[in-house]
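In: This is a predicted model, with the sequence first.
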Amino acid sequence: EDQVTQSPEALRLQEGESSSLNCSYTVSGLRGLFWYRQDPGKGPEFLFTLYSAGEEKEKERLKATLTKKESFLHITAPKPEDSATYLCAVSNAGNMLTFGGGTRLMVKP
Amino acid sequence: DTGVSQDPRHKITKRGQNVTFRCDPISEHNRLYWYRQTLGQGPEFLTYFQNEAQLEKSRLLSDRFSAERPKGSFSTLEIQRTEQGDSAMYLCASSFVSTGELFFGEGSRLTVL
């Protein structure tokens, strides 16, 4: 069974304090690893897809990386508007996503 | 706006009542998914359709849960004889068959009293 574990569960940062979120996974036949952002009371919003180890994607202050066992979401010089829950998910051959529990990020000004 | 839309956004019901949620996917997408999300947890897969065919339904939480997608357009998720444990956010998403990039709606929040 596919499994995704995210850490930490919650992270508090000061504005400008860079950090990383971790996503460890086990999946039979990885088709892709996905990062989503979710604001309170809203549906998840797609950020990145990574397909193979060594791949990196960037968007504004976010950078996602992938190894054979885990992915990292690096946040550089975060701003309060980056506060959200960040979800990691993996897809298998059936293209069904299995999500982790998320990391709740709070960035204080 | 041509994103995924869900209705109603909020539903409060009494235990034992039936509820139905509707999802209108992005029109070009041929896959439609239902997920459930409880507070502090990630979304949990329930079922999905490719066009009008329901390809996976073993993850539906019990036989009180059912989903339909008539004519491969909108979909409905019905919960019969609701229980307090059914209280959650029900998320719909759509995608192309060829990618795993799901586009989610805003969700339908169910509260069972």
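Out: That came in fine, so what should we check first? For clarity, every value in this text was computed on a predicted model and none was experimentally measured. Residues are numbered from 1 along each chain as shown, chains lettered A, B, ... in the order given.
In: Give me the neighbour count for residue B:10.
Out: Using other Cβ atoms under 10 Å in any protein chain shown, residue B:10 is surrounded by 11 other residues. Glycine gets a C-beta too; all of them are placed from N, C-alpha and C.
In: Excluding sequence neighbours, find me the nearest residue to it.
Out: Leaving out its chain neighbours, the residue that sits closest to residue B:10 by Cβ to Cβ, 6 or more residues apart in numbering or on different chains is residue B:109, at 5.0 Å.
In: Please tell me how far residue B:103 sits from residue A:46.
Out: Per Cβ to Cβ, to the nearest Å, residue B:103 is found 7 Å from residue A:46.
In: And residue B:80, by the same measure?
Out: With Cβ to Cβ as the criterion, residue B:80 and residue A:46 are 32 Å apart.
In: Residue A:54 too?
Out: Residue A:54 is 22 Å from residue A:46, by Cβ to Cβ.
In: same check, this time on residue B:64
Out: 31 Å.
In: what's near enough to touch the residue nearest to residue B:10?
Out: With contact set as Cβ atoms under 8 Å, 6 or more residues apart in numbering or on different chains, residue B:109 has these partners: A:41, B:9, B:10, B:11, B:88, B:89, B:90.
In: what pairs with it across the strands?
Out: Applying DSSP bridges to residue B:109 gives these bridge partners: residue B:10, residue B:89.
In: got a pLDDT number for it?
Out: Note on residue B:109: pLDDT of 97.
In: How about the residues of chain B by chain A?
Out: B:4, B:31, B:33, B:35, B:40-45, B:48, B:55-56, B:91, B:93, B:95, B:97, B:99-107, B:109 (Cβ under 8 Å from any Cβ of the partner chain).
In: can you tell me which of the residues you listed are in helices?
Out: Of the residues of chain B next to chain A, none are assigned to helices by DSSP state H.
In: Drop anything exposed from those.
Out: With burial judged by 16 or more other Cβ atoms under 10 Å in any protein chain shown, the buried subset of these is B:4, B:31, B:33, B:35, B:42-45, B:48, B:91, B:93, B:95, B:100-107, B:109.
In: Can you flag which of these belong to strands?
Out: Cross-referencing those against strands under DSSP state E gives B:31, B:33, B:35, B:44, B:45, B:48, B:91, B:93, B:95, B:103, B:104, B:109.
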